[in-house]
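Chemist: I'll drop the sequence and a predicted model, then ask my questions.
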Amino acid sequence: MHPFLDLPMHVSAQWRRAPYALALLACAAPAALIAQPGRGGGGGAGGAGAAAGGASPSNALPALPKGPRAMMLRDWYRVANLSNPAVSPDGKRIAVTVTRAVEADNRRHSEIWVVNAAGGEPQRWTSPSTESSNPRWSADGKYLFFTSQRAGGTGNTWAIRLDQPSGEAIQVGDYPNGSMPSDGSFAVFTDAGRPAPTAPSPDPFGQMQPMARPPFEAITRPSVSARFDGRHVVDMSYKVNGVGFVPGRRVARTWRPTQIARQPIGDTTKKVITSTAYSHRGPVVSPDGKWIAFTADSRLRPDSVVDRERDSLATLPYNKVRDEAERNDADIYIIDANGGTPRKLTDWMGAESQITWSPDGKQIAFIGRPGRTKNSNIYVVDAAGGTPRALLGNWQYEPGNFDWLPGGIQFTAEIGGRSAVLRADMSGKSLPTELVSGRRQLRGASYDESGKTLAYVATSMNKPTELFVASGDGTGERQLTNFNKDVNADVVWSDAERITYKSVGNLEIEGWLMKPYGYEAGKKYPMVIYIHGGPHSSYGEGWFDEFQNLAAQGMFVLFTNPRGSSGYGAPFTYSTRGRWGMEDYQDLMKAVDIVSVRADVDSTKMGATGGSYGGFMTTWMATKTTRFKAIETDRTITDWTYWYGSSDAQGLTEFEFYGKPWDNQKLYDELSPIRYVNKVKTPMLIVQSEEDHRTPMGSAEIWFMSLKKQGVPVELIRYPRSNHDLSRTGEPWLLVDRLGRLRQWFGYWLQGVQPGAVAN
Ligand SMILES: CSCC[C@H](NC=O)C(=O)N[C@@H](CO)C(=O)O
């Protein structure tokens, strides 16, 4: 899958405070190939009207020619991205989010479409003038809920009525979102309560911008508050990629532990059934409605104690015994559905998530990760307690989401660069069985109530996403939509050959070689290697705009999942700890060795590109080899100590590099490409976003200046209103501009195409 980082704020905060949370960071969040609704925050992704000029560019641009032909840059705007399929409880209909770019407005637009599982034309169910995503059906089939920021309501949950003639979307106060028993009579959910009312006191800084006000316990004050509009920072988490600068606290720290609430369906009265100093997470009600399972601190300590302990540990120097010890931060508890004293289900070492009751309510399943660098597995335990048993045994791969259907447990998983729907062996004695597989990526498996209908979104190398339906056991698959019909008819998307090869230590590495558009046997073509970020993410068997872009320019595109990638099991993922740029570099260069001897690859015209960890790796490569004739480094990191101080994710290197820079300065220095920049001879294009708080601008600036001062050809493109996710969720015009620059840079250095002559 394409690396796509979708970190909620709390994950970033955990990275910052402690290395322990790093198991969470496997950067391999669900892919969104070109479009993600509703993201961007202060980073500016997708903002209409913010771009330079504001005028529609399409007025001035000619219509795209009919195909079949190579992808042109503006074809990017035509590709629809489908996500979040949801099968109705009766299995008759499937709702899905469809996201497209609106080229003239420089923005994306998402709608909910519904299609009959039996087939037929999909219907648009939400307005073209508002954003709607993430459809889900109510258990009783009365509503289709979805997420929307539309005006005139509270919160962002809206609904379309299904049991009566319907019109505009409405908000439904008596149908809460939460876990329900089989009879659907009530829902349970978490509730953080309201902040305690504080007596109003005059605020001498009330008129200042939030970032400028003196935070709580700050020592300095503005001399004249009306004359200071800077940023006053005292807290560690003062900037977050995709969010922007975050004002500090104005009052003493307080805690509002999340409680469990229940609300009858058809009633607006919510009852909070717990009142504790610790938080309850992910409450799930049993099918008979008698019990609620949830996770909480393994010792039920107050949130204040847990947070203070974590914060104080985070200030200590790295300590092997303490920091490498396995931790049991959370456990599963069960409480009476009306409240009472919780019972610990089991003392299980590690992290538990996705708690799920068996349909008969006698057992509980969860995804467990027994240690930070250990494989996750699906575990099952009696609801009465006992020792959880793993269902996937020593399977190499790790489960994604799972469902406990009437016939057993089914789940999705990444199997290297492809993904599949699988059935677990409930005895745990055999490896899981693949039900839906093939060289492709499946996203968001959804079932009807009976488990007899399964829907998913699928994509493969040369096929953008579409919606598919099958029987619950994966048989009888049918494609239900063809949203990309027009663009598919015009553009010849390139396919890729899958390769595997043995690298250092006999480790098998998976990779792909995409053919250039218009490939003719007997000719030689330039080749560009793409390096993904993370490093714990992966490339895979899905349509990806960036690869298609360079293949359309007439180049081979090589992409691999070197050690450190996700999708091959945790030992593979974490094998690069403390060794970035070593064996992983060799895994990449080995792939280059293999393809560069092919008769159709011009080994004198090779390039490299990559972002984030891939940006680090491209600058690292530039210091180690002159085999590449041109390199593009994207959202790069060239100095790890600078990165540590300026990024929003210190926890990443605290874990990967065994401590803070001053705990292990040698490693931070030795792995910093800037230390060897005097060796660079390769022309480099640097792309960095002005509001990237994950890999801030300084790394790009020092690299640019160093190459300039040595006479190495270099260009720096600084994208405004953009963050670390420009290439995924950035403003469409800027995102497409970046694709154009990649074509031009490699077109110039590898194909001799003169500036301005690369086709758009
Ligand atoms: C190594 S610094 C931070 C790198 C970043 N990792 C997580 O945030 C990264 O490599 N991001 C990737 C994957 O999402 C990217 O492609 O931007």
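Modeler: Arrived safely, thanks for sending.
Chemist: and whatever residue of the stretch 351-500 of the chain ends up closest to the ligand, what helix or strand is that in?
Modeler: Residue nearest to the ligand within the stretch 351-500 of the chain: residue 414 (14.7 Å; CB to the nearest ligand atom). Every C-beta, even on glycine, is put in place using the N, C-alpha and C of the backbone. According to DSSP states H and E, residue 414 maps onto strand 408-415.
Chemist: ok, now residue 282?
Modeler: Going by DSSP H and E, residue 282 is part of strand 281-285.
Chemist: in its sheet, what does that strand sit against?
Modeler: Strand 281-285 has the following strand partners under DSSP bridges: strand 291-297 (antiparallel).
Chemist: would you put the C-alpha positions of the strand it pairs with in PDB?
Modeler: The C-alpha coordinates for strand 291-297 follow below in PDB (Å, rounded to 0.1, in the frame of the first residue of the first chain):
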ATOM      1  CA  TRP A 291     -22.200  -6.500  29.900                       C
ATOM      2  CA  ILE A 292     -19.800  -3.900  28.600                       C
ATOM      3  CA  ALA A 293     -16.100  -4.700  27.800                       C
ATOM      4  CA  PHE A 294     -13.600  -1.900  27.600                       C
ATOM      5  CA  THR A 295      -9.900  -1.200  27.900                       C
ATOM      6  CA  ALA A 296      -8.300   0.800  30.700                       C
ATOM      7  CA  ASP A 297      -5.000   1.300  32.500                       C
END
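Chemist: Residue 560 versus the residue of the stretch 351-500 of the chain closest to the ligand, what's the distance?
Modeler: According to CB to CB, to the nearest Å, residue 414 and residue 560 sit 15 Å apart.
Chemist: And residue 109, by the same measure?
Modeler: 35 Å.
Chemist: what bits of the stretch 1-150 of the chain have low per-residue confidence?
Modeler: 1-60 (pLDDT under 70).
Chemist: what residues are up against residue 226?
Modeler: 207-208 (CB atoms under 8 Å, 6 or more residues apart in numbering).
Chemist: Is it in a helix, a strand, or coil?
Modeler: helix (DSSP: H, G, I helix; E, B strand; the rest coil).
Chemist: what about it, distance to residue 211?
Modeler: 15 Å.
Chemist: can you check residue 282 too?
Modeler: For residue 282 relative to residue 211 (CB to CB), the value is 33 Å.
Chemist: and the closest residue to the residue of the stretch 351-500 of the chain closest to the ligand other than its chain neighbours, what does it touch?
Modeler: Leaving aside its sequence neighbours, residue 414 sits nearest to residue 567 (CB to CB, 6 or more residues apart in numbering; 3.9 Å). Neighbouring residues of residue 567 by CB under 8 Å, 6+ apart: 1, 28, 397, 414-417, 538, 540, 561.
Chemist: The residue of the stretch 351-500 of the chain closest to the ligand and residue 401 touch, don't they?
Modeler: No. With contact defined as CB atoms under 8 Å, residue 414 does not reach residue 401; the gap is 11.5 Å.
Chemist: what is the rounded mean pLDDT of the strand holding residue 414?
Modeler: Average pLDDT, strand 408-415: 98.
Chemist: Could you pull up phi and psi at residue 552?
Modeler: Main-chain torsions, residue 552, degrees, to the nearest 10: phi -70, psi -20.
Chemist: Which one of the residues in the stretch 601-750 of the chain is closest to the ligand?
Modeler: Closest to the ligand within the stretch 601-750 of the chain is residue 612: 2.9 Å, counting by CB to the nearest ligand atom.
Chemist: didn't residue 490 look like it was pressed against residue 64?
Modeler: Yes. With contact defined as CB under 8 Å, residue 490 reaches residue 64; the gap is 7.0 Å.
Chemist: Find residues that contact each of the two.
Modeler: residue 75.
Chemist: before we move on, the earlier item: now the strand holding residue 282: buried residues?
Modeler: The neighbour-count check on strand 281-285 (16 or more other CB atoms under 10 Å) flags 281-285 as buried.
Chemist: Strands along the stretch 451-600 of the chain, start to end?
Modeler: Applying DSSP state E, counting those that start in this stretch to the stretch 451-600 of the chain gives strands spanning 453-460, 463-471, 478-479, 496-503, 507-514, 525-531, 556-561.
Chemist: Counting by contacts, list what the first one packs against.
Modeler: Pointing back at strand 453-460 there. If contacts are counted by 3 or more CB pairs under 8 Å, 6 or more residues apart in numbering; DSSP states H and E, strand 453-460 sits against strand 81-87, strand 93-102, strand 441-447, strand 463-471.
Chemist: Let's test this: mean pLDDT of the third one, rounded?
Modeler: If you average the pLDDT over strand 441-447, you get 96.
Chemist: same thing with stretch 644-664?
Modeler: Stretch 644-664 comes out at a mean pLDDT of 97.
Chemist: just stretch 184-202 next, same as before
Modeler: So the average pLDDT for stretch 184-202 ends up being 84.
Chemist: Quick check: end-to-end length of that stretch?
Modeler: 49 Å (CA to CA, to the nearest Å).
Chemist: Pick out the residue in this structure sitting closest to the ligand.
Modeler: In the chain, the residue that lies nearest the ligand is residue 533 (2.4 Å; CB to the nearest ligand atom).
Chemist: looking at it, that residue is touching residue 611, isn't it?
Modeler: Yes. Checked against CB under 8 Å, the pair residue 533 and residue 611 is within contact range at 5.1 Å.
Chemist: Please identify which of these two sits among more neighbours.
Modeler: residue 611 (28 against 25; other CB atoms under 10 Å).
Chemist: List phi and psi for residue 303.
Modeler: According to degrees, to the nearest 10, residue 303 has phi -50, psi -40.
Chemist: how is this protein carved up into domains?
Modeler: If you go by the TED database, the domain ranges for the chain are 79-181, 182-192+250-390, 508-751.
Chemist: Which secondary structure state does the nearest residue to residue 653 once chain neighbours are set aside sit in?
Modeler: Nearest residue to residue 653, sequence neighbours excluded (CB to CB, 6+ apart): residue 644, at 5.8 Å. Under three-state DSSP, the three-state class of residue 644 is helix.
Chemist: follow-up on the earlier one: would you agree the residue of the stretch 601-750 of the chain closest to the ligand is in contact with residue 696?
Modeler: No. Contact criterion CB under 8 Å: residue 612 and residue 696 do not qualify, at 11.9 Å.
Chemist: The two - which one has more neighbours?
Modeler: residue 612 (27 against 24).
Chemist: out of everything not next to it in sequence, what's closest to that one?
Modeler: Closest to residue 612 by CB to CB, 6+ apart is residue 533, at 3.3 Å.
Chemist: separation between that neighbour and residue 512?
Modeler: 17 Å.
Chemist: go on, residue 390?
Modeler: 32 Å.
Chemist: out of the two, which sits in the more crowded spot?
Modeler: For residue 390 versus residue 512, the count of surrounding residues by other CB under 10 Å is larger for residue 512: 23 against 17.
Chemist: mind listing what the closest residue to residue 554 other than its chain neighbours touches?
Modeler: Closest residue to residue 554 apart from its sequence neighbours, by CB to CB, 6+ apart: residue 516 at 4.7 Å. By CB under 8 Å, 6+ apart, the residues touching residue 516 are 494, 525, 551, 553-556.
Chemist: which bits of this structure sit near the ligand?
Modeler: Listed as neighbours of the ligand in the chain under the rule CB under 6 Å from any ligand atom: 3, 5, 27, 533-534, 537, 611-613, 635, 637, 649, 652, 694-695, 724.
Chemist: Now, those residues that are in strands?
Modeler: Those of these mapping onto strands are residue 611, per DSSP state E.
Chemist: now, which of the residues of the chain next to the ligand sits nearest residue 675?
Modeler: residue 637 (12.9 Å; CB to CB).
Chemist: Quick check: the closest one touching residue 617?
Modeler: No. Using CB under 8 Å, residue 637 is not in contact with residue 617; the gap is 9.5 Å.
Chemist: What about residue 154, how many residues nearby?
Modeler: Count around residue 154 with other CB under 10 Å applied: 7.
Chemist: Kindly apply the preceding question to residue 564 instead.
Modeler: Neighbours of residue 564 under the rule other CB under 10 Å: 26.
Chemist: Can you give me every residue that contacts it?
Modeler: 534-536, 572-576, 580, 584, 613.
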